[in-house]
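*Asks:* sequence first, then the predicted structure, then my questions.
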Amino acid sequence: MLTIDNLKVALDADAGLVRAIDGLSLAIRRGETFALVGESGCGKSMTALALMRLLPENGNVEEGRIEIEGHDVLALPESSMRAVRGGRIGMIFQEPATSLNPVMRVGEQIVEAIESHTDLRGEAARAKAIEWLKRVGIPEPERRIDEYPFRLSGGQKQRVMIAMTLACEPDFLIADEPTTALDVTIQAQILDLLKQLQREQGMGLLLITHDLAVVSGMAQQVALMYAGQIVEVASAAEFFAAPKHPYARALLRALPDTAKRGGALAAIGGTVPALWQEFSGCRFAPRCERVMDVCHRTLPEMERCGASSVRCLLYRDGAMPAAPADSAEPLRYAAPPRVEAPAQALLEVRDLSVRFPIRKGLLQRVSGAFTAVGGVSFDIPAGRTLALVGESGCGKTTTGKAIVQLLRQQAVIGGQALFEGQDLFALDGEALRSARRAVQIVFQDPFGSLDPRMRVFDILEEGLIALRPEMDAPARRERLHALVDQVGLRRDALDRYPHEFSGGQRQRIAIARALAVSPRLIVCDEPTSALDVSVQAQILNLLRELQRDTGVSYLFITHNIGVVEYIADQVAVMQRGLIEELGSVESVLGEPQTDYTRTLLAAVPRIAMPAPG
């Protein structure tokens with residue numbers, strides 16, 4: 001159905017010509033799910049944009065062919081391509097907050113897509129939009145269809161994007177991180193829906209994701225991408241049972257789970273190399289645990305290795321090197337010792353409630369109130385982590401934002417949030433400014449929380465100037481250099497703008513900003529949801545290392561149960577603004593007491609390790 005042959009895409013950037021995709025070839029059959037995985041910045045999303053002919057203005061296809069059922073996409077005039085997008089090829093974009101029009105109701109946007117690519121009009125198109133909102137798990141779709149995007153949670157916006165794309169019933173679907181912002185129950189629902197559509201319509205699916213558990217359950221074929229090139233192609237069974245490339249083995253070792261609690265994850269040191277340079281050897285060599293001298297001076301080609309193909313000099317001339325035993329020592333960071341919990345809690349939340357006014361009519365008069373959080377209580381001791389889990393829209397993010405005083409103007413907040421005995425809700429002026437030094441937040445949507453007009457250096461320095469005025473300019477610069485090193489970015493990132501980074505790289509910038517002022521409590525709202533497993537391992541190791549060294553506490557809002565198993569000390573399970581279950585990780589995840597918690601855990605995707613072949 002889809003064939004890509006020797007695709008090369010270049011971007012004209014200030015640093016030079018960036019070869020974002022360098023000789024990519026793959027083929028996807030009708031009805032097949034083909035997963036494209038790899039680190040942030042490797043070129044996965046750029047591949048999707050090239051297929052849709054939506055490259056940025058400074059990008060162009062230098063070479064190669066893209067054919068869909070024999071038709072050359074690159075040769076079509078733009079007028080014909082507009083009919084292909086949405087109708088023949090649908091795309092679920094990575095960041096729903098930037099893909100939805102903020103001044104249009106979500107229903108209007110879905111209806112617009114339906115009317116553009118199907119024969120339905122008017123009320124029939126609206127009825128179909130409501131049907132698809134219901135199918136993707138939006139509660140009260142008849143009411144939510146008239147909401148603006150800003151009134152929806154991150155996961156709900158992602159579901160709207162999925163509904164808009166699938167409502168047009170495309171022949172071929174490109175899904176760029178389609179479940180990143182979704183909780184496990186809705187993720188399972190969406191993945192089951194995609195499987196159903198494939199069975200009914202024979203839809204081909206290019207799945208771009210960093211969630212290897214999702215790949216294990218969805219894909220028939222897997223292509224691993226690194227620095228603009230495919231480095232391994234294999235069936236899903238072969239890839240997970242016997243990965244060939246050293247990069248593939250390192251990725252699988254970096255996954256967090258209960259067995260790795262108390263130790264450091266095997267994060268891959270370094271970062272993806274800059275793609276404006278000329279390479280004389282293997283692009284993964286500086287980070288490879290099996291590197292040889294020849295790797296630095298010889299460009300590897302794709303080699304056949306049984307049913308797989310791999311770009312590695314270990315497999316030259318059909319050689320089959322023995323897979324190394326996984327190192328007992330992690331590639332980065334030392335295992336942090338366990339810290340005993342102090343008797344006094346750092347943060348005590350008591351009967352927290354958050355109510356948003358409902359406004360109607362031309363004058364937007366208040367006609368009622370919506371209770372997002374209905375009275376929750378929990379404690380976080382110094383040096384410990386409380387994970388807050390639950391379905392999208394249950395009130396997790398609202399709880400975090402209320403604690404850091406970001407909802408004072410929009411909502412009515414009740415209860416107390418005692419930070420070292422001082423009620424955060426009662427603070428104002430200089431006292432509130434002082435508290436902000438101690439309590440920081442990492443937002444779920446890194447694009448929306450970074451000023452697009454400021455360079456990364458200015459974004460990070462802004463917090464230091466406001467909250468750490470005692471630091472002079474040289475001290476601030478030194479601090480920022482240390483920060484980008486900590487979160488796995490190159491120092492030249494400081495001179496670039498947010499739009500020049502991938503979603504995962506922007507998330508690392510957001511984490512660096514929160515860490516800049518050395519807070520004592522960090523509200524982490526899905527801090528690793530946009531990160532691939534290798535960078536996720538770096539960030540989780542970093543957060544544990546900071547907790548060990550500084551005693552910082554975390555309120556960790558997430559839907560990734562693997563991350564909860566690894567990093568959290570306690571878990572609070574939320575549903576509809578209330579805490580359903582609260583306890584230690586071992587008790588809640590090991591012996592859940594409520595049906596809701598059991599349902600959540602049953603929906604968690606796990607990597608299956610089938611026999612290869």
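*Replies:* That came through, no problem. Residues are numbered from 1 along each chain as shown.
*Asks:* how about low-confidence regions in the stretch 51-200 of the chain?
*Replies:* 181 (pLDDT under 70).
*Asks:* if you set the cut-off to 80 instead, what comes out?
*Replies:* Confidence mapping of the stretch 51-200 of the chain against pLDDT under 80 gives the ranges 94-98, 153-155, 179-183, 186.
*Asks:* doesn't Ala431 fall inside a helix?
*Replies:* Yes. Judged by DSSP: H, G, I helix; E, B strand; the rest coil, Ala431 forms part of a helix.
*Asks:* that one: neighbouring residues, count only.
*Replies:* As a burial measure, Ala431 scores 11 neighbours (other C-beta atoms under 10 Å). Every residue, glycine included, has its C-beta placed from N, CA and C.
*Asks:* Gly41 now?
*Replies:* Residues lying near Gly41 (other C-beta under 10 Å) number 25.
*Asks:* please name the residues that touch it.
*Replies:* Counting by C-beta atoms under 8 Å, 6 or more residues apart in numbering, Gly41 touches 271-272, 501-502, 504-505.
*Asks:* out of the residues you listed, who's nearest Ser377?
*Replies:* Of all these, Ser377 sits closest to Gly504, with 34.4 Å by C-beta to C-beta.
*Asks:* what ranges do the strands span in the stretch 251-400 of the chain?
*Replies:* 302-305, 308-311, 345-360, 365-381, 385-390 (DSSP state E, counting those that start in this stretch).
*Asks:* nearest to Cys42, out of the ones you listed?
*Replies:* strand 308-311 (12.9 Å).
*Asks:* report the buried residues of the helix-or-strand element of the chain with minimal mean pLDDT.
*Replies:* Lowest on mean pLDDT, DSSP states H and E among the helices and strands of the chain sits helix 96-99, with a mean of 76. With burial defined by 16 or more other C-beta atoms under 10 Å, the residues of helix 96-99 counted as buried are 96-97, 99.
*Asks:* likewise for stretch 143-162?
*Replies:* 144-145, 147, 149, 152-162.
*Asks:* got it, and stretch 416-436?
*Replies:* 417-419, 424, 427, 435-436.
*Asks:* possible to save those as TSV with pLDDT and secondary structure?
*Replies:* Shown next, in TSV, are the buried residues of stretch 416-436 (pLDDT from 0 to 100; DSSP: H, G, I helix; E, B strand; the rest coil):
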residue	pLDDT	secondary structure
Ala417	93	strand
Leu418	93	strand
Phe419	92	strand
Leu424	91	helix
Leu427	88	coil
Ala435	87	helix
Arg436	86	helix
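*Asks:* nearest to Pro286, of the residues you listed?
*Replies:* Set against Pro286, the nearest of these by C-beta to C-beta is Arg436 (39.0 Å).
*Asks:* relative to Gln507, how far out is that closest one?
*Replies:* 21 Å (C-beta to C-beta, to the nearest Å).
*Asks:* what ranges do the helices span in the stretch 401-550 of the chain?
*Replies:* In the stretch 401-550 of the chain, the segments counted as helices under DSSP state H, counting those that start in this stretch are 429-438, 446-449, 456-467, 473-486, 503-515, 533-550.
*Asks:* between those helices, which gets nearest to Val214?
*Replies:* Nearest to Val214, of those and by C-beta to C-beta, is helix 533-550 at 11.6 Å.
*Asks:* so which bits of the closest one are buried?
*Replies:* 533-548.
*Asks:* just the closest of those residues to Gly577, please.
*Replies:* The nearest one, if we look at the buried residues of helix 533-550 relative to Gly577 and count by C-beta to C-beta, is Leu543, at 27.1 Å.
*Asks:* just to revisit the earlier point, which one of the contacts of Gly41 is nearest Ala83?
*Replies:* Closest to Ala83, out of all of the contacts of Gly41 and judged by C-beta to C-beta, is Ser502, at 29.4 Å.
*Asks:* contacting residues around the nearest residue to Gln536 once chain neighbours are set aside?
*Replies:* In space, and not counting its chain neighbours, Gln536 is closest to Thr528: 4.5 Å by C-beta to C-beta, 6 or more residues apart in numbering. Neighbouring residues of Thr528 by C-beta under 8 Å, 6+ apart: 507, 536, 539-540, 558, 560, 563.
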